[in-house]
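A.B. asks: Need the 3D shape of this:
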Amino acid sequence: MVPETIFVAGATGLVGKPLIHRLVDRGHHVRALVRNDSSATLMLSMGAEPVLGDLAAPGPWQDHLGDCTSVIDASQARTPGRLTARRAIRLGRQRVQFTQNLLEAIRNGHAPLGSYVWLTGLDELVPGPDRFVDETSPINVRPHGFGRIGSQIRPVLEAASHSWGLPLVALHMGLIYGSVGWFPDYLRRIERGRFAMVGDPQNWIPLVSAEDVARAIVAVVEQRPVGRRYVVVDDAPARQGEFVQFLAEQLHAPVPHRHVPLWVAGLVVGRAAAETAAANVRGRNARIKAELDVAFQFPSYRDGVPPLVTEYRSPSPTSP
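C.D. replies: Purely as a prediction, here's the structure:
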């Protein structure tokens, strides 16, 4: 393996932190785009080179892509409050601008780019009658949930791939759980007895640990399967009710049984967020295992959730 210089957008997010750790441990030089000095200090402590800037606006940060051999776009549009369908569409437009600013910097760079890794979701794919999706599944022309965001970015990236050779690799993620983001809030609501499932408790949820997403991204960076797309999920899709029961048992909390219709959840969290929560889909990960030899650290949520619950229940170092 030859060490690479890798530019990471979204370095402080759910996937970004475990990804930075793994890339640095593998000997790669990582340039991490961050918005402020505190995030820059964090990246330095993790062994990465911080680059101050914001994808939303062109700036000096773009000059740091010139000698990068790979770019990883793990950025997320920030969405305070309810994620309605209308807001998801607006966020998609914002993410398109982020992507265009990245692509502009890549085209103006000097070193040949080995791979551009784009993270998207399963909401973009149409499941078969068995509710499975894989790399042969068609793209949904009527996107729902978070797919309302990704569906606007895809044409921009595919046009760049076809017109000037952007070395695109797309990763379709399952629902990513980790130590930040939606998962700790999920635990809090279960622990406090304020949790309600969305839609049918028998619906399938495609899950994957943030640590294993990082493993998949590193495999792509190091092997450069340009033009391919991969579904990244663990080996054990779970039914919504079964997953919630397992979380409650780990927390030693009462098992929630309440569930609400999609339209009711939409009033609380927004239609797009509710659609993703209620989606009935499971994914196959055979291609990324076979082609890139990715071995999951947590092949099931039953393996990945317990250490996160332990972390969640541990007092913060800053706590009195």
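A.B. asks: rest of the way, CA atoms for contacts and neighbours
C.D. replies: Will do.
A.B. asks: would you list every one of the strands in the stretch 201-320 of the chain?
C.D. replies: 204-205, 207-209, 229-232, 238-239, 259-260, 282-283 (DSSP state E, counting those that start in this stretch).
A.B. asks: now the end-to-end length of stretch 173-191.
C.D. replies: From its first residue to its last, stretch 173-191 covers 27 Å (CA to CA, to the nearest Å).
A.B. asks: State the mean pLDDT of it.
C.D. replies: When pLDDT is averaged over stretch 173-191, the result is 92.
A.B. asks: tell me the contacts of the residue nearest to residue 205 when sequence neighbours are not counted?
C.D. replies: Excluding the flanking residues, the one nearest residue 205 by CA to CA, 6 or more residues apart in numbering is residue 238, at 5.3 Å. By CA atoms under 8 Å, 6 or more residues apart in numbering, residue 238 lies in contact with 204, 205, 206, 207.
A.B. asks: Burial check on residue 301, number of neighbours?
C.D. replies: By the measure other CA atoms under 10 Å, the count of residues near residue 301 is 21.
A.B. asks: Tell me how far it lies from residue 82.
C.D. replies: In terms of CA to CA, residue 301 sits 27 Å off from residue 82.
A.B. asks: Give the helix, strand or coil label for residue 148.
C.D. replies: For residue 148, the assignment made with DSSP: H, G, I helix; E, B strand; the rest coil gives helix.
A.B. asks: Distance of it relative to residue 83?
C.D. replies: Relative to residue 83, and taking CA to CA, residue 148 is found at 11 Å.
A.B. asks: cool, and residue 221?
C.D. replies: Distance from residue 221 to residue 83, by CA to CA: 32 Å.
A.B. asks: Repeat that for residue 30.
C.D. replies: Taking CA to CA, one finds residue 30 at 32 Å from residue 83.
A.B. asks: Which one's more surrounded, those two?
C.D. replies: More crowded of residue 30 and residue 83, by other CA under 10 Å: residue 30, with 25 against 22.
A.B. asks: Could you tell me whether that one really is in a helix?
C.D. replies: No - assessed with three-state DSSP, residue 30 is strand; it does not lie in a helix.
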